[in-house]
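Peer 1: generate a structure from the sequence data that follows.
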Amino acid sequence: GRRKLLISGGIQMIVCQVIVAVILGVKFGTDKQLSRSYSIVVVVVICLFVMAFGWSWGPLGWTVPSEIFPLETRSAGQSITVAVNLFFTFVIAQAFLSMLCAFKFGIFLFFAAWITVMTVFVYVFLPETKGVPIEEMVLLWRKHWFWKKVMPDMPLEDGWGEGGGERADNKGH
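Peer 2: Residues are numbered from 1 along each chain as shown. From the prediction side, this is the model:
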């Protein structure tokens with residue numbers, strides 16, 4: 001499911017970030033020059049990071065939000081998702097070089113820490129959304145150990161509910 005992809009992709013990205021940080025911190029820090037073989041390893045590990053992002057957080061960062069918003073708020077929710085995503089992409093792109101100069105190899109540990117937070121958040125707070133019809137998404141959140149505490153306990157509109165996608169008045173869609 002989507003949770004498994006996000007978690008496994010997150011773990012792979014964390015490992016890649018830590019490997020790059022260790023190589024740059026240990027090897028580059030000694031004589032301020034990275035050997036050709038270590039340079040190749042760094043490039044390969046960064047490519048593995050990009051691959052992990054490409055099959056997990058990259059596409060699922062758009063897919064999961066599109067699934068979790070109810071129809072009534074989906075367009076507004078997706079608009080906010082896109083705006084926040086683009087804003088932080090811009091901020092990171094603008095700040096990366098300055099952060100790299102300041103943190104040196106630590107920048108990779110900084111991002112590994114954020115990816116760890118994101119992965120733990122998915123593990124703890126994101127229920128599996130794959131295969132859940134949009135009409136039953138609210139039920140998924142109401143059953144989750146944490147989100148049921150903050151979800152309003154209101155009757156579902158139009159008779160949607162526990163009936164496996166059928167309306168309560170048995171008239172179908």
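Peer 1: quick check: next helix or strand after the helix or strand bottoming out on mean pLDDT in the chain?
Peer 2: Across the helices and strands of the chain, mean confidence by mean pLDDT, DSSP states H and E is lowest for helix 29-31: a mean of 66. As assigned by DSSP states H and E, the chain's next helix or strand after helix 29-31 is helix 36-55.
Peer 1: what helices and strands are in contact with that next one?
Peer 2: Under the contact definition 3 or more C-beta pairs under 8 Å, 6 or more residues apart in numbering; DSSP states H and E, helix 36-55 sits against helix 2-23. In short, each C-beta sits where N, CA and C put it, glycine included.
Peer 1: mind listing what's buried along stretch 43-56?
Peer 2: For stretch 43-56, the neighbour count (16 or more other C-beta atoms under 10 Å) marks 45, 48-49, 52-53, 56 as buried.
Peer 1: no, scratch that, I was asking about stretch 114-134
Peer 2: Buried, per 16+ other C-beta under 10 Å, within stretch 114-134: 115-116, 118-119, 122, 126-127, 129, 134.
Peer 1: so what secondary structure elements neighbour the lengthiest helix in the chain?
Peer 2: Counting residues, the longest helix found in the chain (DSSP state H) is helix 74-103. Helix 74-103 sits against helix 57-68, helix 106-125, with contacts defined as 3+ C-beta pairs under 8 Å, 6+ apart.
Peer 1: nearest to residue 23, out of those?
Peer 2: Comparing those against residue 23 with C-beta to C-beta, the closest turns out to be helix 106-125 (9.3 Å).
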